[in-house]
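Asker: Turn this into a model:
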Amino acid sequence: MSGATQASRIDGSTRLFGILGSPVTQVKTPQIMNALFAAGGINAVCLPFEAPVASFAQVVAGLKSLANLDGLVVTVPHKVSAMALVDAVSATAAQVGAINVMRRQPDGSWFGDMFDGTGLVIGLERIGFALRGKRVKQLGAGGSGAAVAFALAGAGVASLALSDPNRALPDELAGRLNRFHPACQVSVDIDPADVSGIDLLINCSPVGMRPGDGMPASFGAFPASLQVVDIIMTPAVTPLLAHAQQCGCRATNGRPMIEGQLAAFATFFGIDVPASFPCFSDTPA
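Answerer: Residues are numbered from 1 along each chain as shown. This is a model prediction of the structure:
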């Protein structure tokens, strides 16, 4: 749906959804959600909201006071702090310690859940990468990183090496993973550039999102057998992905993760997905 056509449908009965982030210019959720609303004939719109860290709680409080706001998607860097701004969370979100969606309940309370990890697992399976038994290295152990790590462990990866500049994050996350997924060999890796013996490298950090960021670690040549995922959506090809492609690796950005979240998002927000909905074939990566 074009912007003009979308705007012409907005009226006093339009239900509101939003995505909160800082920055928010890179997000694709509005395009995806609005295409879904259009395909289903749903009178709703999803808008991006730039929410600085210092005023995040105030922004959420103001939005929640709007009676025609039905739900919010939460992206970096707010997924952990958003936990304190809802009344209840799912079991998955409680384990992860972060949420990426929140909805208004019939009684007016707010409920949060986390689908980042689930979406990535589904997305990797769709592109033909089987996770069971694989050896994984993950950069970034914040909100999205925790969600991904729990989903990977739940999907049966053999080992998971966690790395983050803030050493307290992977230490704490490894402890929680060991409690809930003892079969997965979890370790904290102090050398983020070492990919020896790894089948899958995932960047869950924001490094690569901003111009001039470079790669999240000082990587050497990758073996061509390595699968590389950078969950950043914009730019579509981050420095890490460019390096992986130059090494002959199979590499993908966050698109499979976002696509994998479609069914979960729709169910969470009570949206019917038409059988003819073309996933995200017309949505830029």
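
Asker: Over to residue 39. Which of the three states is it?
Answerer: The three-state assignment at residue 39 reads helix, by DSSP: H, G, I helix; E, B strand; the rest coil.

Asker: Going forward, the N-terminal residue is numbered 202.
Answerer: Okay, residue one is now 202; in that scheme the one you just asked about reads as residue 240.

Asker: which stretches of the stretch 352-486 of the chain form helices?
Answerer: Assigned helices in the stretch 352-486 of the chain, in chain order: 369-381, 440-447, 456-461, 463-470 (criterion: DSSP state H, counting those that start in this stretch).

Asker: Put the alpha carbons of the second one into CSV.
Answerer: Spelled out, that is helix 440-447. In CSV, the C-alpha atoms belonging to helix 440-447 read as follows (Å, rounded to 0.1, in the frame of the first residue of the first chain):
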residue,chain,number,x,y,z
PRO,A,440,30.7,-4.6,7.3
LEU,A,441,30.4,-8.1,9.0
LEU,A,442,28.2,-9.5,6.2
ALA,A,443,30.4,-7.9,3.5
HIS,A,444,33.5,-9.6,5.0
ALA,A,445,31.6,-12.9,5.2
GLN,A,446,30.5,-12.7,1.6
GLN,A,447,34.1,-11.9,0.5
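
Asker: Next, format the helices of the stretch 352-486 of the chain as TSV and append mean pLDDT, distance to residue 433 and mean neighbour count.
Answerer: Placement of C-beta: from N, CA and C, glycine included. Below are the helices of the stretch 352-486 of the chain laid out as TSV (pLDDT from 0 to 100; distance: least, C-beta to C-beta, whole Å; neighbours: other C-beta atoms under 10 Å):
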stretch	mean pLDDT	distance to residue 433	mean neighbour count
helix 369-381	96	18	16
helix 440-447	98	9	19
helix 456-461	87	10	22
helix 463-470	88	19	18
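
Asker: Nearest to residue 327, out of those?
Answerer: Evaluated over those, closeness to residue 327 peaks at helix 456-461, with 6.3 Å, by C-beta to C-beta.

Asker: helices and strands around the closest one, which ones?
Answerer: If contacts are counted by 3 or more C-beta pairs under 8 Å, 6 or more residues apart in numbering; DSSP states H and E, helix 456-461 sits against helix 317-327.
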